[in-house]
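*Asks:* got a sequence here, can you model it:
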Amino acid sequence: MVDHVSGGHLERVVLPLTFGQHQSQGAAFTVLAVEIWNTGLVVNLHLASTNGTEPKTPDIVVHDHFGTEYKLDEVATVGSRQLQFFAPSIPEGTRSLTIRSVDPEGASFVVALAVPAPNGRGGETVHGHVKRLRPRVETGPDIQQEAS
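*Replies:* Predicted coordinates:
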């Protein structure tokens with residue numbers, strides 16, 4: 001088991017553009033965000049009770065368009081919040097992640113998330129998209145001489 005948080009660094013946080021809600025007789029939950037660490041993925045869920053019972057840990061699977069196999073490594077639950085840790089991290093060039101529920105009723109779609117390309121200079125992740133920084137204007141000696 002890898003300690004995803006202290007053993008790695010956070011690369012991006014991806015927020016679903018629409019609520020990733022799922023409800024069946026076996027589980028009810030909402031996908032709040034997916035953290036992309038260099039050591040794996042953390043799926044942040046809000047659990048809801050079904051029929052007034054204690055919330056159950058939902059069985060979910062994560063897919064990308066490359067077909068990477070993400071394995072559940074650890075689950076942490078505090079109240080109605082749950083973090084599910086999957087390994088490995090996303091391969092370079094991944095542009096989307098899909099989360100599906102696997103319960104006795106069969107696999108069903110929950111949410112698809114766009115994975116923005118890293119911009120290399122930092123930036124702010126806003127609702128699944130990277131807010132780009134303005135390009136730097138270089139003022140080297142060659143540029144100043146041409147302007148004279």
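*Asks:* use CA for all of it now, contacts and neighbours both
*Replies:* Fine.
*Asks:* part of a strand, is residue 111?
*Replies:* Yes: counting by DSSP: H, G, I helix; E, B strand; the rest coil, residue 111 falls inside a strand.
*Asks:* so which residues of this protein form helices?
*Replies:* 141-147 (DSSP state H).
*Asks:* would you list every one of the strands in it?
*Replies:* 10-14, 20-23, 28-37, 40-48, 60-64, 71-78, 81-87, 96-103, 106-114, 124-126, 129-131 (DSSP state E).
*Asks:* closest to residue 54 out of those?
*Replies:* strand 40-48 (8.2 Å; C-alpha to C-alpha).
*Asks:* need the CA coordinates for the closest one. PDB is fine.
*Replies:* The C-alpha atoms that make up strand 40-48 are tabulated as PDB, following Å, rounded to 0.1, in the frame of the first residue of the first chain:
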ATOM      1  CA  GLY A  40      -2.100   7.600  -7.700                       C
ATOM      2  CA  LEU A  41      -5.700   9.000  -7.800                       C
ATOM      3  CA  VAL A  42      -7.900  10.000  -4.900                       C
ATOM      4  CA  VAL A  43     -11.600  10.000  -5.600                       C
ATOM      5  CA  ASN A  44     -13.400  12.300  -3.100                       C
ATOM      6  CA  LEU A  45     -17.000  11.100  -2.400                       C
ATOM      7  CA  HIS A  46     -19.900  12.300  -0.400                       C
ATOM      8  CA  LEU A  47     -21.900   9.300   0.900                       C
ATOM      9  CA  ALA A  48     -25.600   9.300   1.500                       C
END
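*Asks:* thanks a lot, catch you later.
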